[in-house]
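Peer 1: Generate a structure from the sequence data that follows.
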Amino acid sequence: MKAFIYARTSTNHTDPQDQVTACKKYAEQNGYEVSEIFIDAGFSGLNKERPSYQKLLNSLNDSNDYTVIAYSPGSISRDMADIMDIRRKCHIKTVTGPEIPDEKMMDIMLHASIALKELESNLEKDHDATWKDELDSDDES
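Peer 2: Numbers count the residues shown, from 1 in each chain. Purely as a prediction, here's the structure:
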């Protein structure tokens, strides 16, 4: 079985090699042949423009018979939709943290995430409207 390893740290003060070492050990114990290692140090998991993350995505577009091994789901991305997009292209295995769900469960989670974002947006609009009304009533006094 072929695999890519992806490691990411949000600061340059944390060494991603610890994640790489753990991922290599996981790969060896589970019969994966690591083809390439992608590392982004000093990048937020919300930043989609990470150089090695983009290279990983391009590599996945070229071949769909790989597994991505990461230390945790958060190492790949802090955005569940991004993780689900990758999961649709390949398997994801993590050294720690929960297993990445199958496609049916991911669709349920995606719909729930979209509904929560819509609710959050509506609550913000309601809050802004209430705040504006309060300001307007203070001006009239």
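
Peer 1: in the helix or strand containing Y6, what's buried?
Peer 2: Applying DSSP states H and E as the criterion places Y6 in strand 2-9. Residues of strand 2-9 classed as buried: A3, F4, I5, Y6, A7, R8, T9 (neighbour count, 16 or more other CB atoms under 10 Å). For glycine as for every other residue, the C-beta is placed from the backbone atoms N, C-alpha and C.

Peer 1: Who are the contact partners of the first one?
Peer 2: For A3, the contacting residues are A27, Y32, E33, V34, S35, Y66, T67, V68, I69, K93, by CB atoms under 8 Å, 6 or more residues apart in numbering.

Peer 1: top of the residues you listed by neighbour count?
Peer 2: Taking other CB atoms under 10 Å as the neighbour criterion, I69 ranks highest of the contacts of A3 with 27 neighbours.

Peer 1: Next, that residue: secondary structure please.
Peer 2: Recorded secondary structure, I69: strand (DSSP: H, G, I helix; E, B strand; the rest coil).

Peer 1: On the pLDDT front, check it for me.
Peer 2: Per-residue confidence (pLDDT) for I69: 95.

Peer 1: again, but for the one 10 residues further on
Peer 2: Residue-level confidence at D79 comes out at 86, pLDDT.

Peer 1: Using the three-state scheme, assign the closest residue in space to it that isn't next to it in sequence.
Peer 2: Among residues not flanking D79 along the chain, L46 sits closest, at 6.0 Å (CB to CB, 6 or more residues apart in numbering). Secondary structure, three-state DSSP: L46 is coil.

Peer 1: thinking L46 is in contact with S77, fair?
Peer 2: Yes - proximity of L46 to S77 meets the contact threshold set by CB atoms under 8 Å, at 7.5 Å.

Peer 1: ok, the two, which is more surrounded?
Peer 2: Comparing L46 with S77 by neighbour count (other CB under 10 Å), the higher total belongs to S77, at 23 against 11.
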